[in-house]
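**Q** below are the sequence and a predicted model for it; my questions follow.
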Protein chains: 4
Amino acid sequence: MVDVQSMKDERRIPIQKVGVKGVRYPIILKDKRAHIQHTMPRFLNMLQKLCQELKAETAYSDLHFPYFIEKKAPVSGQVSTMSYDCSYEAKVSGKAHSFVVGVKVPVQTVCPCSKAISAYGAHNQRGLVTLKVALGPFFWIEDLVAMVEESASSDLYTLLKREDEKYVTERAYERPRFVEDLVREVYLRVEELGKFPSFSVEAENFESIHNHSAYAYVEKK
Amino acid sequence: MVDVQSMKDERRIPIQKVGVKGVRYPIILKDKRAHIQHTMPRFLNMLQKLCQELKAETAYSDLHFPYFIEKKAPVSGQVSTMSYDCSYEAKVSGKAHSFVVGVKVPVQTVCPCSKAISAYGAHNQRGLVTLKVALGPFFWIEDLVAMVEESASSDLYTLLKREDEKYVTERAYERPRFVEDLVREVYLRVEELGKFPSFSVEAENFESIHNHSAYAYVEKK
Amino acid sequence: MVDVQSMKDERRIPIQKVGVKGVRYPIILKDKRAHIQHTMPRFLNMLQKLCQELKAETAYSDLHFPYFIEKKAPVSGQVSTMSYDCSYEAKVSGKAHSFVVGVKVPVQTVCPCSKAISAYGAHNQRGLVTLKVALGPFFWIEDLVAMVEESASSDLYTLLKREDEKYVTERAYERPRFVEDLVREVYLRVEELGKFPSFSVEAENFESIHNHSAYAYVEKK
Amino acid sequence: MVDVQSMKDERRIPIQKVGVKGVRYPIILKDKRAHIQHTMPRFLNMLQKLCQELKAETAYSDLHFPYFIEKKAPVSGQVSTMSYDCSYEAKVSGKAHSFVVGVKVPVQTVCPCSKAISAYGAHNQRGLVTLKVALGPFFWIEDLVAMVEESASSDLYTLLKREDEKYVTERAYERPRFVEDLVREVYLRVEELGKFPSFSVEAENFESIHNHSAYAYVEKK
């Protein structure tokens, strides 16, 4: 059979990216201790082979997956499971490579302005923080999630008893955060760690008094 | 040319629904005074003709569109525009027909439990209420939206000055609503109007202390 | 602490549905032989307990999950993995219950009209068939998927070699299907099995010559 | 009232982007002759003012909208309306600015490999091409759409009679395109125009024999 796809293209326009998109595959990630430091080298190897076989300059891979973490409610200790959308974005060009890990962490933010000007109450809402870090040395997804959750007015839970709800409500009211505060707090924690050559923090607040979002973005290159 | 689609099907299985989906078309709806009572009969006529031409028992149409309403901020009077996702679901079978109008209204809800048990603050969030009413006599989309917005802890705005934000925050704190309260409040207002033979109210709260939603549904048949 | 949520509501409007939505949880389904007949009774038990504890008339559960099946390419035998979106919709009212299993199966359809009137070629496209069956006795998700895939012009694959692509192209061209044909073919196969008291088949074709979909729906009650 | 948001932040971390997201507003674009060359300067002015008022280094705006174009079927001349998702991405830093116009054009692609190796037929599918051009001098959205539609195996229509369907099917079969061909063809046409300092072309094919997409990307900087 003829192989049309291997024929030479006479238009001589180099294409930056070509491949497939939207493939879904079952992958089992092992526990906190094991996986990123095993997964990363395997990914990069796979991309290196791809480059060689296809005679490409650069190979890209962008993998998205839900990651589940067990969490205790702050007062009752009740255990439940939270789900976080994560990603691995890998790139190999000859001997150079990059590997970016992303976590999307839902949080609660209480509005500092609303608290300061109101006799009682303060509007608050769910927000979504996207932290992306370039590897770098060994670390755990759990630690990235924790840095974001500590930066918010409060973190979220799948299961809360009433004593937990009281604690979470009061603690959040004591820790108001604009969306700008939120990305700065995460920035500070990640920079303090000193582990990642570059990273970015993006926050989107699904405002409870508006039908649009508040948004902030900060990066270290 | 042969007309394969008009050939007789030997399998003799009557199909309940067949047609197209996902067509997008520019439509200009006129102002509050004019449109539903003009649009509805035209829609039903169109479906009646479809039934006759295709010799179908029943014709269906499901139209979704954004609807824009100008709104004043509660204290400053600042005017801005809110967008609401609306729908017309029409059905014609011989001489019988139904026409259901849907509005999706984003609102704010303050949690009554969180308020009652906490020394200060109360978690609150954006929620989305879907009200569907079967026509019925003449009415305006603006009135459906207003009934939902009055039922919530607070309605939402595209633009708020600080004096508005103070007002909205305090008012919402004074009017806590579970998702069950919300659908009941809407139910009461719609029933009191006495205009609609049947209707349904659905509310989803994008909880600010959880990463999932609270949900309630009530209908009158 | 006061328990606001357990207080009596004076509005006396019974709510048809109340609960949570959007919870994500890691679940491991075992292989073809084991899972539905184990999962179903456990689900129904869980809902029965929920009814009793909450003194509800009816309890609902709607679970969505990706299901992975290994598949061989038709000529080369090359093995790869396909992913299908599945659902369990369960409902318990006192001693009555229902349990509906849904599978969404992507397929290829070749247009019979385009083939008949054209000197060469025929437009074809990806379609998505949603089959829902009410249980009923024992069966396997694999069998539902197979009935849909046999009904289409061709089934889809994650990996095809060139000899497979030739086979798939020619076979699809020999088996043109309108969206109406597709739902009827699935209907016939499911009815012939005689296992399910009720079922529905929905098909949407992402037309390659239009920017909208062709749609058909058939059900047995 | 205190103005918390205007207080100085002691963390001294400059934020790259802050603002709102997801605002929906009704905008009326006038006809082909009038709008881009009017809209662009107004947008850039608005962003310049924003920079000055907020003492920001850079202001960004990202606007998405559906754009409707009337189209004639190729043989019958039947007129119908197609909808294209478009975007304006504007950026102002002091006196420098950029303005990128994006159009998403759905097309049909016939697979050259499938055609070459099969005795009859060839798999084809809907694809989506995203063309982004940096302005640049005066031009029309209609012209961008036309360059993409000419590059595909066939363009799409909202309404086709049977004589049109025959024409479209045969023409597409005569013009097979891989996703790489498609982006190269668009690249050539846009470069030939010589109007845009930089541009990018992205194509995604919703493969009819796979449940994933084929993808290609090319850019000129």
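**A** Perfect, I can see it now.
**Q** report the buried residues of the lowest-mean-pLDDT helix or strand in chain A.
**A** Taking mean pLDDT, DSSP states H and E as the measure, chain A has helix A:35-54 as its least confident helix or strand, at a mean of 79. For helix A:35-54, a neighbour-count test (16 or more other Cβ atoms under 10 Å in any protein chain shown) marks A:36, A:39-40, A:43-44, A:47-48, A:50 as buried. In short, each C-beta sits where N, CA and C put it, glycine included.
**Q** out of the residues you listed, which is nearest to chain B?
**A** residue A:36 (22.6 Å; Cβ to the nearest Cβ).
**Q** all strands for chain A, in order.
**A** Counting by DSSP state E, one finds strands in chain A at the ranges A:17-21, A:58-72, A:79-93, A:96-110, A:124-134, A:154-155, A:199-205, A:213-220.
**Q** in its sheet, what does the fifth one sit against?
**A** Paired strands of strand A:124-134, with direction, are strand A:96-110 (antiparallel), strand A:199-205 (antiparallel) (DSSP bridges).
**Q** can you add distance to residue D:139 and mean neighbour count and give those strands back as JSON lines?
**A** Shown next, in JSON lines, are those (distance: least, Cβ to Cβ, whole Å; neighbours: other Cβ atoms under 10 Å in any protein chain shown):
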{"stretch": "strand A:96-110", "distance to residue D:139": "36", "mean neighbour count": "22"}
{"stretch": "strand A:199-205", "distance to residue D:139": "33", "mean neighbour count": "25"}
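**Q** now the ones you listed in a markdown table, please, with extra columns for mean pLDDT.
**A** Below are those laid out as a markdown table (pLDDT from 0 to 100):
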| stretch | mean pLDDT |
| --- | --- |
| strand A:96-110 | 95 |
| strand A:199-205 | 97 |
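**Q** quick one: closest of those to residue C:140.
**A** In terms of Cβ to Cβ, the element of those nearest to residue C:140 is strand A:96-110, at 34.9 Å.
**Q** relative to residue A:85, how far out is the spatially most central residue of chain A?
**A** Centroid-nearest residue in chain A: residue A:103, 1.6 Å away (criterion: Cα atoms, centre = their mean). Using Cβ to Cβ, to the nearest Å, we find residue A:103 at a distance of 8 Å from residue A:85.
**Q** need the residues of chain A near chain B, please.
**A** Within chain A, the residues that sit near chain B (Cβ under 8 Å from any Cβ of the partner chain) are A:82-83, A:106, A:108, A:110, A:113-114, A:117-126, A:154, A:156-158, A:160, A:162, A:165-166, A:168-170, A:172-173, A:206-212.
**Q** apply 6 Å and report the result again.
**A** Within reach of chain B by Cβ under 6 Å from any Cβ of the partner chain, chain A has these residues: A:106, A:108, A:114, A:117-121, A:123-126, A:156, A:162, A:165-166, A:168-170, A:173, A:206, A:208-211.
**Q** spit out the contact partners of residue A:85.
**A** When contacts are counted by Cβ atoms under 6 Å, 6 or more residues apart in numbering or on different chains, residue A:85 touches A:66, A:104.
**Q** one more pass at 7 Å, please.
**A** When contacts are counted by Cβ atoms under 7 Å, 6 or more residues apart in numbering or on different chains, residue A:85 is found next to A:64, A:66, A:104.
**Q** from these, pick the one nearest residue B:221.
**A** Residue B:221 lies nearest to residue A:66 out of the contacts of residue A:85, by Cβ to Cβ, at 38.5 Å.
**Q** now do the contacts for the closest one.
**A** A:83, A:85, C:24.
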